[in-house]
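Trainee: For reference, the sequence and a predicted model appear below.
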Amino acid sequence: GGGGEDEEIEDIEESRVEDEKESGFGSFLPRYLRGFGWRNAAPQGSRTAWFTEVDEPLLHPPEKEYHHVAMKTIHENPHLFHVSTPINIDRFASALAIHPNRAFVASVVRTLKIGLWP
């Protein structure tokens, strides 16, 4: 006891390590080498992909933002705000049709179609 901030940091680090162990994505390598080594018994797949299975849907702006003066400017000057994506959104959605986190996938598809923030 008595360490204050140092103890708090140690508790956070221990919690992070336990979370990694539970998720199956902990590392057997020193921190500076993580991501550069493999073991036959190591979990296969991407840590990022795993998080898509547990993450909450992407947030979208509140309704009042769609009625803001900025939206009027965007709608009146679409030539100033051209945004394109090389992603075939329909094919992307089709490829993720059986993804276990449907709400997350729907939010990503919606974001690709209409944007994240006005």
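Mentor: Looks like it came in fine.
Trainee: For His79, give its distance to Arg102.
Mentor: Separation of His79 from Arg102 (C-beta to C-beta, to the nearest Å): 36 Å. C-beta coordinates here come from the backbone N, C-alpha and C atoms, glycine included.
Trainee: which one of those two has more residues nearby?
Mentor: Arg102 (12 against 5; other C-beta atoms under 10 Å).
Trainee: From Arg110, how far off is that one?
Mentor: 12 Å.
Trainee: same thing with Val54?
Mentor: 19 Å.
Trainee: Looking only at neighbour counts, state which of those two leads.
Mentor: Arg110 (16 against 10).
Trainee: List the contacts of that one.
Mentor: 58, 60 (C-beta atoms under 8 Å, 6 or more residues apart in numbering).
Trainee: Check the gap between Ile87 and Pro78 for me.
Mentor: For Ile87, the distance to Pro78 - C-beta to C-beta - is 20 Å.
Trainee: scratch that, Leu59
Mentor: Distance check for Leu59 against Pro78: by C-beta to C-beta, it reads 25 Å.
Trainee: Check Leu116 too.
Mentor: 17 Å.
Trainee: ok, now Asp55?
Mentor: 32 Å.
Trainee: now Ala93: how far from Asn101?
Mentor: 14 Å.
Trainee: how many other residues sit next to Val108?
Mentor: Residues near Val108, counting by other C-beta under 10 Å: 21.
Trainee: Surely it touches Glu56?
Mentor: No: contact between Val108 and Glu56 fails when scored by C-beta atoms under 8 Å: they sit 11.8 Å apart.
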